[in-house]
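**Q** would you be able to build a 3D model of this:
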Amino acid sequence: MATGSNAAPVQAFDGCPAVIVEVFGDRAADACYVAWRESSYRAGATGSRGEKGYFQIHPVHGAKSTYDPYLNTLYAYQMSNGGWNWCPTWGWTC
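**A** Got it, this is the predicted structure:
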């Protein structure tokens, strides 16, 4: 993922849903990358353990695990501290 001022422009992520760009603002490049890796920008994507939506939010998060594109994006924004901290939430090796 890109970090700080070296973040790739959002245009580098062809097809990134407008809702992700709008919600994440200047952190949209990273959010688009995560959403592409998690769901290939498919709002109706379901993971092998029931994860839902663009950001594949796990059902353990209750109502935050939703297919609604806006809510899924908003919850990902909240869970990632505004797009600044993806690793603890997603358990990725960053």
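**Q** can you pull the pLDDT of the nearest residue to residue 39 once chain neighbours are set aside?
**A** Nearest non-adjacent residue to residue 39, counting by Cβ to Cβ, 6 or more residues apart in numbering: residue 45, 3.7 Å away. (Glycine included, C-beta is placed from N, CA and C.) Per-residue pLDDT puts residue 45 at 97.
**Q** these two touch, right, residue 45 and residue 56?
**A** Yes. The pair residue 45 and residue 56 qualifies as a contact (Cβ atoms under 8 Å) at a distance of 6.7 Å.
**Q** which residues are common contacts for those two?
**A** 38-39 (Cβ atoms under 8 Å, 6 or more residues apart in numbering).
**Q** still on that earlier bit, next up, the contacts around the residue nearest to residue 39.
**A** For residue 45, the contacting residues are 38-39, 52-54, 56, by Cβ under 8 Å, 6+ apart.
**Q** please redo it, this time with the cut-off set to 7 Å
**A** Counting by Cβ atoms under 7 Å, 6 or more residues apart in numbering, residue 45 touches 39, 53, 56.
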